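Novice: model this:
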Amino acid sequence: MANESPQVSGSATFHAGADAYDRFMGRYSRPLATAFADWCLPADAGTRFLDVGCGPGALTEVAVQRLGASSVVAVDPTPGFVEAFRARHRGVEVHRAPAEHLPFAGGEFDCAAAQLVFHFVSDPERGAAEMARVVRPGGVVAACVWDFEEEMHMLRSFWDAALALDPDAPDEAHIMRFGRPGELTALLRGAGLQHVAETTLRVHSTYANFDELWASFLLGIGPAGAYATSRTPEQQAALRDGLYAQLGRPTGSFALSAVARAVHGTR
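Specialist: So this is what the prediction gives:
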């Protein structure tokens with residue numbers, strides 16, 4: 001029904017396709033991938049690397065540049081992302097699989113990383129345990145997610161506008177885990193990882209105008225996109241106006257920042 005708030009469920013809100021994802025979130029995930037790789041990816045060119053929840057392959061692209069295609073493997077549960085990944089990253093092994101069921105033997109990888117994934121994993125404890133299982137002793141497991149409470153400006157502004165109109169809007173800061181300090185650290189420690197360290201990574205994206213930003217929500221990507229497209233035309237217009245006001249009614253080009261919480265630990 002148009003007035004019902006959509007529920008967040010695994011990869012169900014990411015079926016609009018890789019190009020739509022790029023327009024909505026890829027503009028943030030690509031620069032984040034570089035910063036995240038600097039944080040977690042060993043410099044050794046012989047490292048065997050697993051990208052868990054690869055999506056269209058932002059983190060994979062960075063790993064291939066640093067390690068070579070033969071050293072990188074990826075998994076994602078969404079068929080459209082896997083198809084797009086194969087077209088974009090020829091020569092890189094990719095499997096359709098969720099984080100909770102990685103199709104690899106124990107100890108196959110030197111590093112396993114999940115970028116912007118654990119908000120959407122149905123059983124995150126099992127997913128973290130699986131990542132630890134497939135990494136060799138002494139290897140690295142890493143993850144990062146957006147800080148939805150305050151530091152992901154695009155999404156925080158959207159949900160503040162939505163909540164002003166609809167107190168039952170499914171604000172990602174309240175319905176998703178791991179965006180607060182220490183939550184990802186506790187997840188990796190619970191999976192038996194040692195020497196777990198946490199940091200924050202800041203990126204930004206520039207929009208030509210407000211219409212470019214608003215159009216990206218109407219692509220239906222993620223919980224925010226699902227919510228925006230579930231509204232009636234009148235509700236969408238009110239939401240658009242509310243978001244415009246939240247952002248200070250920008251004219252022309254403007255930039256929004258985003259902060260991710262990142263952790264890594266050793267097996």
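Novice: show me the strands in the stretch 151-267 of the chain, by range?
Specialist: 194-207, 254-266 (DSSP state E, counting those that start in this stretch).
Novice: OK, contacts around Val72?
Specialist: Phe49, Leu50, Asp51, Thr60, Ala63, Val64, Val92, Glu93 (CB atoms under 8 Å, 6 or more residues apart in numbering). To be clear about C-beta, it is placed using only N, CA and C from the backbone, and glycine gets the same treatment.
Novice: go with 6 Å
Specialist: By CB atoms under 6 Å, 6 or more residues apart in numbering, the contact list for Val72 reads Phe49, Thr60, Ala63, Val64, Val92.
Novice: show me what it bridges to in the sheet.
Specialist: Phe49 (DSSP bridges).
Novice: tell me the mean pLDDT for stretch 59-74?
Specialist: The average pLDDT within stretch 59-74 is 94.
Novice: end-to-end on that stretch?
Specialist: Using CA to CA, to the nearest Å, the end-to-end distance of stretch 59-74 comes out at 10 Å.
Novice: quick check: the closest residue to Asp123 other than its chain neighbours vs Ala128, distance?
Specialist: Nearest residue to Asp123, sequence neighbours excluded (CB to CB, 6 or more residues apart in numbering): Glu100, at 5.0 Å. Distance of Glu100 to Ala128, computed by CB to CB, to the nearest Å: 10 Å.
Novice: who has more neighbours, the two?
Specialist: A direct count of neighbours by other CB atoms under 10 Å for Glu100 and Ala128 places Ala128 higher, at 29 against 17.
Novice: right, and the more buried one touches Leu193 too?
Specialist: No - using CB atoms under 6 Å as the test, Ala128 is too far from Leu193 to be in contact (8.0 Å).
Novice: quick one: low-confidence residue ranges for this protein.
Specialist: 1-17, 44-46, 149-150 (pLDDT under 70).
Novice: show me where it has its helices.
Specialist: Assigned by DSSP state H, the helices in the chain fall at 18-21, 27-40, 58-67, 79-88, 124-134, 153-165, 172-175, 183-190, 210-217, 222-230, 233-246.
Novice: just put those in a markdown table and tack on distance to Thr199.
Specialist: Shown next, in a markdown table, are the helices of the chain (distance: least, CB to CB, whole Å):
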| stretch | distance to Thr199 |
| --- | --- |
| helix 18-21 | 25 |
| helix 27-40 | 6 |
| helix 58-67 | 16 |
| helix 79-88 | 27 |
| helix 124-134 | 18 |
| helix 153-165 | 19 |
| helix 172-175 | 20 |
| helix 183-190 | 10 |
| helix 210-217 | 28 |
| helix 222-230 | 24 |
| helix 233-246 | 28 |
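Novice: got the contact list for the residue nearest the centre of the chain?
Specialist: What sits nearest the mean C-alpha location of the chain, by CA atoms, centre = their mean, is Leu116, with 2.1 Å. Neighbouring residues of Leu116 by CB under 6 Å, 6+ apart: Ser29.
Novice: and it, its phi and psi?
Specialist: Per-residue torsions, Leu116: phi 60, psi 40 (degrees, to the nearest 10).
Novice: cool, and the one 5 residues further on?
Specialist: For Val121, the backbone dihedrals are phi -80, psi 130 (criterion: degrees, to the nearest 10).
Novice: what is the burial count for the residue lying closest to it once chain neighbours are set aside?
Specialist: Residue nearest to Val121 in three dimensions, not counting chain neighbours: Gly127, with 4.5 Å by CB to CB, 6+ apart. Burial of Gly127 is recorded as 25 neighbouring residues (other CB under 10 Å).
Novice: likewise for Phe104?
Specialist: The tally of other residues near Phe104 (other CB under 10 Å) stands at 17.
Novice: so who does the residue lying closest to it once chain neighbours are set aside touch?
Specialist: Nearest residue to Phe104 in three dimensions, chain neighbours excluded: Val134, at 4.6 Å (CB to CB, 6+ apart). Residues counted as contacts of Val134 (CB under 6 Å, 6+ apart) are Leu102, Phe104, Glu108, Phe109, Ala112.
Novice: please redo it, this time with the cut-off set to 7 Å
Specialist: Leu50, Leu102, Phe104, Gly106, Glu108, Phe109, Ala112 (CB atoms under 7 Å, 6 or more residues apart in numbering).
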